[in-house]
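Trainee: Have a look at this prediction, sequence included:
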Amino acid sequence: MLPDADDLPELLLDLAVPHEDINELVARRRRVTADPGTLRLLTDCVEELLREPWDTGRTPDLAEPFAAAPAELADVFAVYVFLAALPRTRAYHRARGIPAEISRRTLADLGRHMAAYRGRHGRTGVQSRRWLVRHFRGELYQLGRLQFERARLGDRDARVTAAAGLDAAPGTPCLNLHIPDFHGPLTPSACDRSLALARAFFPLHFPGERPGAVLCHSWLLDPQLRRHLPAGSGIVRFQERFRIACDETAPADAEPVRFVFGDPDLPVAGLPRRTSVERAVGDHLRAGGHWYIGHGWFPFRAE
């Protein structure tokens, strides 16, 4: 199921994998293919990853099988799972008529998460491996600056968004909106373009789902940010798109530290203050405050 070793470098480049990781991934491929048990685990992971991709809301949790990989492959086993799934993922995209450029940019998120892992740990590996399952199942798509995930309202989503004015039952199709880092500023024009792409994309390629709302669950929707950032900042303008409910009582301080500074374990006292967002996140924490996940939604109107 894995690509031939000679083909692997070009496939990894297509997925935006950092150049300094390619030789190691090619070399360690032999460790996967030479051991029947590891190869069987790889096959089981791929089959579970791709099972019923049309069934939104059942993203498999591959944490246990990923963790069952041999210790020397722990950091990279998920990469080989995604590589083995790649031909079927691309076939699914083609069957849906998804343009090759959207497919390429979506799946290139693997390379972004590998670059983030190397930046934090200094070695080859992949960050947020469970998150990337969505990309290779055909649930999530990069459309311009933003990512959109085909989803359904869960019980908790329905309760939280009801507090912000969305009257929809659990199980209703929706789109979850995600904001990748390392992808340029979160400007209003970039967001407008992404939303225009989404309004055209989903009715064309997933006509039976008809999502009624776009949801976002993020620290970027914490209303406290308005106290720290200029009124015209991209983040404040982004918040203004949503009807927001922020009823969390558990702090999520590690989230902004991870996304803004690249490492959730950095000491708060030493966080840089180079940009307005860095100052907002760090100064609020240093003053004894906390950050929380905000929940927001707005209507999705297809073109």
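Mentor: Received it, and whenever you're ready, just let me know what you need. Owing to the predicted nature of the structure, the values given are computational and were not obtained by experimental measurement.

Trainee: Tell me which helix or strand A115 sits in.
Mentor: Assigned by DSSP states H and E, A115 falls within helix 109-121.

Trainee: Extract the C-alpha trace of that helix and format it as PDB.
Mentor: Provided in PDB are the C-alpha atoms of helix 109-121 (Å, rounded to 0.1, in the frame of the first residue of the first chain):
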ATOM      1  CA  ASP A 109      -1.500  20.600   5.400                       C
ATOM      2  CA  LEU A 110       0.500  17.500   6.300                       C
ATOM      3  CA  GLY A 111       3.600  19.300   5.500                       C
ATOM      4  CA  ARG A 112       2.600  22.300   7.600                       C
ATOM      5  CA  HIS A 113       2.100  20.100  10.600                       C
ATOM      6  CA  MET A 114       5.400  18.400  10.000                       C
ATOM      7  CA  ALA A 115       7.100  21.800   9.800                       C
ATOM      8  CA  ALA A 116       5.500  22.800  13.100                       C
ATOM      9  CA  TYR A 117       6.600  19.600  14.700                       C
ATOM     10  CA  ARG A 118      10.200  20.100  13.600                       C
ATOM     11  CA  GLY A 119      10.100  23.700  14.700                       C
ATOM     12  CA  ARG A 120       9.100  22.600  18.200                       C
ATOM     13  CA  HIS A 121      11.000  19.400  18.600                       C
END
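
Trainee: can you pull the buried residues of it?
Mentor: Buried residues in helix 109-121, counted by 16 or more other C-beta atoms under 10 Å: 109-118, 120. Placement of C-beta: from N, CA and C, glycine included.

Trainee: moving C-terminal of that helix, what's the next helix or strand?
Mentor: Following helix 109-121 in sequence order, the next helix or strand is helix 129-137 (DSSP H and E).

Trainee: Residues contacting the next helix or strand after that next one, please?
Mentor: On the C-terminal side of helix 129-137, the closest following helix or strand by DSSP H and E is strand 140-143. Residues from elsewhere that reach strand 140-143 (C-beta atoms under 8 Å, 6 or more residues apart in numbering): 98, 102, 105-106, 108-109, 134, 147-150, 178, 180, 194, 197-198, 201.

Trainee: Which among these count as buried?
Mentor: Here, 16+ other C-beta under 10 Å leaves 98, 102, 105-106, 108-109, 134, 147-150, 178, 194, 197-198, 201 buried among these.

Trainee: The stretch 101-250 of the chain: helices as residue ranges?
Mentor: Along the stretch 101-250 of the chain, counting by DSSP state H, counting those that start in this stretch, helices occupy 109-121, 129-137, 155-162, 188-205, 234-239.

Trainee: Show me which parts of the longest one are buried, residue by residue.
Mentor: Within helix 188-205, the residues scored as buried using 16+ other C-beta under 10 Å are 190-191, 194-195, 197-198, 201-203, 205.

Trainee: so which of the residues you listed comes closest to A158?
Mentor: Here the nearest of those to A158, counting by C-beta to C-beta, is F202; it sits at 20.5 Å.

Trainee: Tell me the pLDDT of the closest one.
Mentor: We have a pLDDT of 96 for F202.

Trainee: who's in contact with it?
Mentor: Counting by C-beta under 8 Å, 6+ apart, F202 touches 148, 150, 175, 209, 211, 302.

Trainee: shouldn't L221 be in contact with F242?
Mentor: Yes: if you go by C-beta atoms under 8 Å, L221 and F242 touch, sitting 6.3 Å apart.

Trainee: low pLDDT regions in the protein?
Mentor: Applying pLDDT under 70 to the chain flags residues 54.

Trainee: which stretches of it form strands?
Mentor: Remark: strands assigned in the chain by DSSP state E are 140-143, 146-152, 173-178, 213-218, 243-245, 294-299.

Trainee: Can you lay out those as CSV showing distance to M1?
Mentor: Putting the strands of the chain into CSV (distance: least, C-beta to C-beta, whole Å) gives the following:
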stretch, distance to M1
strand 140-143, 22
strand 146-152, 25
strand 173-178, 28
strand 213-218, 34
strand 243-245, 44
strand 294-299, 39
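
Trainee: what's near enough to touch the residue nearest to the spatial centre of the chain?
Mentor: For the chain, the residue nearest the mean C-alpha position is W131 (5.6 Å; C-alpha atoms, centre = their mean). For W131, the contact set (C-beta under 8 Å, 6+ apart) comprises H113.

Trainee: and what of the one 4 residues further on?
Mentor: By C-beta under 8 Å, 6+ apart, the contact set of H135 is 89, 106-107, 109-110.

Trainee: and those, which two are the farthest apart?
Mentor: Longest span within the contacts of H135, C-beta to C-beta: T89 and D109, 12.3 Å.

Trainee: sorry, back to before: with respect to R273, which of the contacts of F202 is nearest?
Mentor: For the contacts of F202, the minimum distance to R273 (C-beta to C-beta) is 33.1 Å, reached by F148.
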